[in-house]
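Chemist: Build me a structure from this.
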Amino acid sequence: MDFMLICPKCRHALKMEANAYTCAGCNSSYSIKDGIPVFTDKEEYWCNADRPTMARLIAEAESSGDWHGAVKKHIPAYDQHISPYYRADAQFILPVDGKSRVLDAGAMWGGITIPLAQYCQDVYAIDKTWETLRFLGVRAHQLGLNNITLAVSSVHSLPFPDDFFDCVILNGVLEWLGSEEEIILERQGAAKRDDAKTYTRRPDEMQLAGLRELFRVIKPGGSIYVAIENRIGLQYYFGYPDDHVNIRFASVLPRKIANFITRKLRNTDYRTYTYSPRALAGLIEKAGFATNELYSVYPHTNTIARLTPFTIFDRLGRLPTQGDVPFNILGRIKVFLFSKVWSLVPNPWRKTFSPSLSLIAQKANGEPRKDPRIISALKEAGVLPNGGSTRYAAVIVNNRYANDNPVNHIIYDASSGTPLYFCKVARERSSLAIMEEADQLKSVRERLGRSSLTSSIQQISYAGRVDGVSLLVMPFIDGHRIGNGMSDFLRRIDIVTKSRGTTIQYIGRKIQTHARRRWLRSVDGTFLDAVTWLAQFQKATATGSMNFGADGVDWVRDQLERIVGPNVDTANHKNAIAGLNKQLAALGPVTLPICMQHGDFDFYNLIRTPSGLVVLDFEHVADQALPLFDLANLVFQPLLQEWRNNQQGISLRDYAATTGWSGYLTAWLRRYSREADVPMALLSLLPALGVIEQNAKRYPKHRNPYDFSMYGERPFAEMIDWTLDL
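Modeler: Residues are numbered from 1 along each chain as shown. Here you go, the predicted model:
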């Protein structure tokens, strides 16, 4: 690294001697601590956990060779800050490629550094806290990532030469550049500080100085990515505390008033300045950059469900305000309610009140503007034309967040706002999920051949690797998923208090009853269409048949033998299983097709278009299977979701009978019986047959089986002895 590092004080080249870097220009010396050079004059500390905890974490991670196990042991509350790759989902909209040299400024534990290092040639990670960088180094070594360079450094005085980086990432860091105080976030806002620092410069002056230093080390034509909370985010007007000082309304108040309140409550100045969209762009441009694009980020820059360019935001309706998040149930409820309130703000003001913002700006110097990486990849793959004047925009649309899940994008014509493609990008470079899904889609389309159902299956525009990145690209489907909205939300959440006989409980029950009835009425037609489609699909893909009346008992036995692990103890249900076998033996001859199985056939994977239903996400296809599992998953999944959240100590079957579900289940299964030629006597056993097959299925490692409603002991116990009255 000798030729790459300069003295942050006088900018002379540094020379490595013994266990330090020395500067011939000013005689400064910088220690190297466990392989990490330290370019700060004093040991600074900025972390969620305290120093003793971090010391134990590092020692355990290094000695055990299991960094993740050490995290779960010593700082389990912060595992979601460290392990998930989704914190770096914005990397695919950056103007970088596989040969880029990128600086993660304020890297901390490496939430962005690690996933970014999979896809860029060199990643430099700086932070003021040696402990977090030391852990990052241990983690990178255990993951086999050898292209990460670490340095303890302030953003204000960088040890890198001019014009060195292709891109700099400043995620959740800009607001802290106006403060030089030691921070332990788990204690932040809990009490008044007793070590408040006196400053001679305003926070915005210090932030600007840091940006100008970053401008210095970026190559001409290179870029900076800044992500930060929106000072005027709508959540703050409803009392959500400022993310940095934990004081309500602090960010939206005039700075002087916020400073007065913070001094009273925290004994320190209010210095973590955030900005409105216009002010953020103005600050970045004042540092010398030319803004390429502002983005609305929902719900937060570290958990991106939607990232939408301001230039096309107004044309996308409510899309920028939607998306599921990997939070607990209370967090998801809060985010959902916020999205509904935010969507009521009319355009063009809606984007101004985005909860968080990000921005890409270029060190222009006459250099042409570069495309986001995903756009460049699509051009290289031949999906988008490489020439011409058309500009394209990418919107991140996430709903799943496991490392092996892809980052989803919609690609738009930026001029017209027309959606062109839906694109999945591998979050984890080693993941095979995208290519496996592409193979599944191809096999389904091949099996259907010239069937009229082929048009209801997604086409593939491209599947493969470009610049080391796995892509699955499909034409965008102009339609909507069924069942979403306030009625779906209200029917599934527990808004009934635990107290009995209260007015709140009575009102809550009335609201849920109304919401459930409204939702069931709204989706009834689509469910009928879905079971019709399913029966046709199974007939079109059938390769043989099975006499389930004769062989059903053997099938049940085989499935039960495949249920292993703690999810279900079948011995606890031997009487119910014996009763099921007795009913199967009494069925008489029943012929079922051996056909393709979708494997995740539920209403979330259905899109209604003007020309009919389109079925998505053929990720778990079975080439030869019985037809009943897909049907059970479709009709029971929403019921199980609702019952799990709202049941008041009654069985699933009683809940279905008392809430109006039974009538709809009967209607949907009667339609399937007519279309598939399956007798109702067999369909009356669908709860037991579906839950058995669900718990016997094997899913890839990136899918948590408990995400499937029929998986686990609780639904098994409820459904194994439930015979439908059809």
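
Chemist: which ones are touching residue 394?
Modeler: Counting by Cβ atoms under 8 Å, 6 or more residues apart in numbering, residue 394 makes contact with 92, 93, 309, 372, 374, 375, 409, 410, 411, 412, 423. Using the backbone N, CA and C atoms, a C-beta is placed for each residue, glycine as well.

Chemist: my bad, residue 20
Modeler: 29, 30, 31, 32 are the contacts of residue 20 under Cβ under 8 Å, 6+ apart.

Chemist: Any of the residues you listed buried? List them.
Modeler: residue 30 (16 or more other Cβ atoms under 10 Å).

Chemist: could you redo the contacts of residue 20 as TSV and give each row distance to residue 353?
Modeler: Listed next are those as TSV, based on distance: Cβ to Cβ, whole Å:
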residue	distance to residue 353
29	50
30	45
31	47
32	47
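
Chemist: now the contacts of residue 20 in CSV, with pLDDT?
Modeler: Formatted as CSV, these follow (pLDDT from 0 to 100):
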residue, pLDDT
29, 94
30, 95
31, 94
32, 95
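
Chemist: Of all pairs in the contacts of residue 20, which one spans the longest distance?
Modeler: Pairwise distances across the contacts of residue 20 peak at 10.3 Å for 29 and 32 (criterion: Cβ to Cβ).

Chemist: Could you double-check that residue 563 lies in contact with residue 695?
Modeler: Yes: with contact defined as Cβ atoms under 8 Å, residue 563 and residue 695 form a contacting pair (4.9 Å).

Chemist: re the thing from before, narrow the contacts of residue 394 to those in strands?
Modeler: 309, 409, 410, 411, 412, 423 (DSSP state E).

Chemist: just curious, which of those is nearest to residue 366?
Modeler: Looking across the ones in strands among the contacts of residue 394 and measuring by Cβ to Cβ, the closest to residue 366 is residue 309, at 23.9 Å.

Chemist: wait, doesn't that closest one sit right on residue 295?
Modeler: Yes: Residue 309 sits in contact with residue 295 when judged by Cβ under 8 Å, with a separation of 5.7 Å.

Chemist: Can you tell me the centre-most residue of the chain?
Modeler: residue 401 (3.5 Å; Cα atoms, centre = their mean).

Chemist: what's it sitting at in phi/psi?
Modeler: phi -130, psi 0 (degrees, to the nearest 10).

Chemist: Provide a list of residues in contact with it.
Modeler: Counted by Cβ under 8 Å, 6+ apart, residue 401 has contacts 84, 86, 303, 325, 326.

Chemist: Name all residues that make contact with the nearest residue to residue 632 once chain neighbours are set aside.
Modeler: The shortest distance from residue 632 to any non-neighbouring residue, by Cβ to Cβ, 6 or more residues apart in numbering, is to residue 690 (2.5 Å). Listed by Cβ under 8 Å, 6+ apart, the contact set of residue 690 reads 628, 629, 631, 632, 633, 636, 710, 719.

Chemist: what's the distance between the longest helix along the chain and the middle of its chain?
Modeler: When the chain is parsed with DSSP state H, its longest helix is helix 503-540. Computed by Cα atoms, centre = their mean, to the nearest Å, the chain-centroid distance of helix 503-540 equals 27 Å.

Chemist: Need the mean per-residue confidence for the helix or strand following that helix.
Modeler: Note on helix 503-540: by DSSP states H and E, the next helix or strand toward the C-terminus is strand 544-547. What strand 544-547 shows for mean pLDDT is 94.

Chemist: what does stretch 334-343 give?
Modeler: Here the average pLDDT along stretch 334-343 is 92.

Chemist: again, but for stretch 34-41
Modeler: With pLDDT averaged residue by residue, stretch 34-41 scores 94.

Chemist: can you check stretch 282-293 too?
Modeler: Here the average pLDDT along stretch 282-293 is 95.

Chemist: cool, and stretch 452-472?
Modeler: If you average the pLDDT over stretch 452-472, you get 94.

Chemist: Can you give me the end-to-end span of it?
Modeler: Criterion Cα to Cα, to the nearest Å; first-to-last residue distance in stretch 452-472 is 24 Å.

Chemist: between residue 563 and residue 695, who's got more neighbours?
Modeler: residue 695 (25 against 17; other Cβ atoms under 10 Å).

Chemist: The more buried one contacts residue 714, doesn't it?
Modeler: No: applying Cβ under 8 Å as the test, residue 695 and residue 714 come out as separate, 11.3 Å apart.
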